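Asker: give me a 3D structure for the following:
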Amino acid sequence: MPTITPAHLHALLASADRDAALVIVAGQAAVVPGGAEDMMVITTRNAVIAELDTGANEEQLESLAQRLDVALDSLGG
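Answerer: Numbers count the residues shown, from 1 in each chain. Sure thing, here's the model as predicted:
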């Protein structure tokens with residue numbers, strides 16, 4: 001089962017905090033407000049917006065979630 005899913009990216013993009021980040025806490029992915037310097041940040045809301053440009057579709061979110069999950073696995077997350 002993947003650690004990072006499209007649902008996490010949806011939650012990140014839906015966050016009212018423009019500086020929100022997707023982090024790993026106790027082996028689980030979570031969206032937290034900006035200022036998560038002491039956590040393992042996987043990506044930020046702004047980075048996802050920049051990566052997907054405008055109007056991301058489900059296929060793009062799935063692809064990005066898979067890439068982030070593979071990157072996390074390669075770090076031993």
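Asker: make it CA atoms for all contacts and neighbour counts henceforth
Answerer: Will do.
Asker: which stretches of the chain form strands?
Answerer: Along the chain, the segments classed as strands by DSSP state E run 21-25, 28-32, 40-44.
Asker: then the last one to PDB, C-alphas only?
Answerer: Which is strand 40-44. Provided in PDB are the C-alpha atoms of strand 40-44 (Å, rounded to 0.1, in the frame of the first residue of the first chain):
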ATOM      1  CA  MET A  40      10.200  15.300   6.800                       C
ATOM      2  CA  VAL A  41       8.600  17.500   4.000                       C
ATOM      3  CA  ILE A  42       7.700  15.500   0.900                       C
ATOM      4  CA  THR A  43       6.300  18.400  -1.100                       C
ATOM      5  CA  THR A  44       4.500  21.700  -0.600                       C
END
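Asker: who's in contact with it?
Answerer: Identification of contacts with strand 40-44 by C-alpha atoms under 8 Å, 6 or more residues apart in numbering yields 12, 19-25, 68, 72.
Asker: check the strands of the chain for me and report the most buried one.
Answerer: Among these, strand 21-25 has the highest mean neighbour count (mean count of other C-alpha atoms under 10 Å), at a mean of 22.
Asker: the closest residue to Leu13 other than its chain neighbours and Met1, how far apart?
Answerer: Computed as C-alpha to C-alpha, 6 or more residues apart in numbering, the closest residue to Leu13 that is not its neighbour in sequence is Arg45, at 5.9 Å. Counting by C-alpha to C-alpha, to the nearest Å, the separation of Arg45 from Met1 is 23 Å.
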